[in-house]
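Asker: Just to be clear, the model below is a prediction. Sequence and coordinates:
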Amino acid sequence: MAVSGRSRFFALKKWAYNLSGFNKYGLHHNDVYDEDIPDVKEALRRLPQHIKDERNFRIIRAMQLSLMKTVLPKEEWVKYEEDNKYLDPYIEEVAKERQEREEWNRVN
């Protein structure tokens, strides 16, 4: 039985995701983005309040777990398939707007 390249790539991404460790604290991939990057900062500003609240809860809980030198029970870890990339559409929108502004400023 041959394993396709796509399923190997998926398996590798899943392995790297689990190896990173943030999921053991209940964090999503987008929760660990650097907030000092201007596009990320603006995307976070545009998030609906309830999503900001959920994100802040996950971050505070992760900090508490880290201080206690523990992780969540395995059944509460964020699984690769369940990770919500809630911030990516906002970052893409902000980046596109920035590129348009830069192009506009170059032309004028």
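Answerer: Perfect, thanks for sending it.

Asker: Now Ile59: closest residue in space that isn't a chain neighbour?
Answerer: Nearest residue to Ile59, sequence neighbours excluded (Cβ to Cβ, 6 or more residues apart in numbering): Asp31, at 6.0 Å. C-beta coordinates here come from the backbone N, C-alpha and C atoms, glycine included.

Asker: Glu54 is in contact with that neighbour, correct?
Answerer: No: shown here, Asp31 and Glu54 do not form a contact pair, counting by Cβ atoms under 8 Å, at 9.5 Å.

Asker: so how far is Arg58 from the residue nearest to Ile59?
Answerer: Taking Cβ to Cβ, to the nearest Å as the measure, Asp31 falls 6 Å from Arg58.

Asker: higher neighbour count, those two?
Answerer: Asp31 (21 against 17; other Cβ atoms under 10 Å).
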